[in-house]
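K.L.:
The following block contains a protein sequence and its predicted model.
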Amino acid sequence: MTRIINRQPSRYGRLALGFLPFVILLLVYIVASDARLAENSADKLLPSFQSFADAVVRMGFEPSKRTGEYLLLNDTLSSLQRLMMGVGLSAFIGLVIGVGNGMVPYMRSPLSPLVTAISLIPPMAILPILFIIFGLGELSKVVLIVIGICPIIIRDIQLRTDDLPPEQLIKAQTLGGSSWQIIVRVVLPQIMPRLIEAVRLTLGSAWLFLIAAEAIAATDGLGYRIFLVRRYMAMDVILPYVLWITTLAFAMDWSLKRVSILLFPWYHGTQGGGHD
């Protein structure tokens, strides 16, 4: 008898099982929404799908009467710009300091304890301080994302660098490679796919910090819009916005995975990263 831990679903079976939880959630929502609307047609907690469609058309395809802008497009571009800046800076700083901490003892000794301490600070707790120091503009939102995810990336890259086979570094030194050459030619090619993995793992946190910052101090953005309409209990706007944020996050994660597989097939071939 084949044990369940050794059974593998077919390709179509995996697709069906992947969609199953979403279908169940959708059916539960439809049943609950119909029940609430049958009792009170003006209920705002679980709107009908027609309400969702009307809200999507209003926010995404009709210009605002006040500004003339397409609100969903404008909010999306504003949020993505902040997110890309924050994640991009975090990835760059995380790579430089992470590799430096892993390879240079004189760099690791002062910086590693500092990075550990910063990583333990709840980023949301210092959000008011960031607003005081950097103001209510774009910079404070980007800095919040960097403070929130950069220490995690640094620590991950440092650990990945420490895990590199020491014999590789010894052979490179034996062949006359300088410290810079070893880092560039031996370390970085092996660390880059791991950097992409670290960014993928921190994307959810980056979105969290972005939405929180936009909710408190912004005049546009996906988080700003959600918290603006919550006072009216406009679930027909909030839920599509949440779904749109989830879609954007999934698309970013999927794109990073494809880029990693394309650029570093050797890594995914040995780690099984092409199947996650």
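P.N.:
Happy to help now that I have it. Numbers count the residues shown, from 1 in each chain.

K.L.:
Sketch out the low-pLDDT regions of the stretch 151-276 of the chain for me.
P.N.:
Within the stretch 151-276 of the chain, the segments meeting pLDDT under 70 span 271-276.

K.L.:
Now do the helices in it.
P.N.:
166-174, 179-182, 188-216, 222-229, 235-263, 265-271 (DSSP state H, counting those that start in this stretch).

K.L.:
Single out the most deeply packed of these.
P.N.:
helix 222-229 (a mean of 21; mean count of other CB atoms under 10 Å). For the C-beta atoms, the positions are set from N, CA and C on the backbone; glycine is no exception.

K.L.:
which strands and helices sit next to that one?
P.N.:
helix 71-103, helix 188-216, helix 235-263 (3 or more CB pairs under 8 Å, 6 or more residues apart in numbering; DSSP states H and E).

K.L.:
Pull out the buried residues from the first one.
P.N.:
What that stands for is helix 71-103. 71-72, 74-76, 78-79, 82-83, 85-87, 89-91, 94-95, 97-103 (16 or more other CB atoms under 10 Å).

K.L.:
chain center to that helix, what's the gap?
P.N.:
Mean-position distance between helix 71-103 and its chain equals 10 Å (CA atoms, centre = their mean, to the nearest Å).

K.L.:
And stretch 254-274, by the same measure?
P.N.:
Taking mean C-alpha positions (CA atoms, centre = their mean), stretch 254-274 and its chain are 18 Å apart.

K.L.:
Convert the C-alpha atoms of that stretch to CSV, please.
P.N.:
Output in CSV follows, covering the C-alpha atoms of stretch 254-274 (Å, rounded to 0.1, in the frame of the first residue of the first chain):
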residue,chain,number,x,y,z
TRP,A,254,5.6,35.4,-9.3
SER,A,255,7.7,37.8,-11.4
LEU,A,256,10.6,37.6,-9.0
LYS,A,257,10.4,33.8,-9.1
ARG,A,258,10.4,33.7,-12.9
VAL,A,259,13.4,36.1,-13.1
SER,A,260,15.3,34.0,-10.6
ILE,A,261,14.6,30.8,-12.5
LEU,A,262,15.6,32.5,-15.8
LEU,A,263,18.8,34.0,-14.5
PHE,A,264,19.9,31.3,-12.1
PRO,A,265,18.6,27.9,-13.4
TRP,A,266,21.5,26.1,-11.7
TYR,A,267,20.2,27.2,-8.2
HIS,A,268,16.7,26.1,-8.8
GLY,A,269,17.8,22.8,-10.3
THR,A,270,19.8,21.9,-7.2
GLN,A,271,17.4,23.4,-4.6
GLY,A,272,14.1,22.4,-6.2
GLY,A,273,13.2,26.1,-6.3
GLY,A,274,11.4,25.8,-9.6
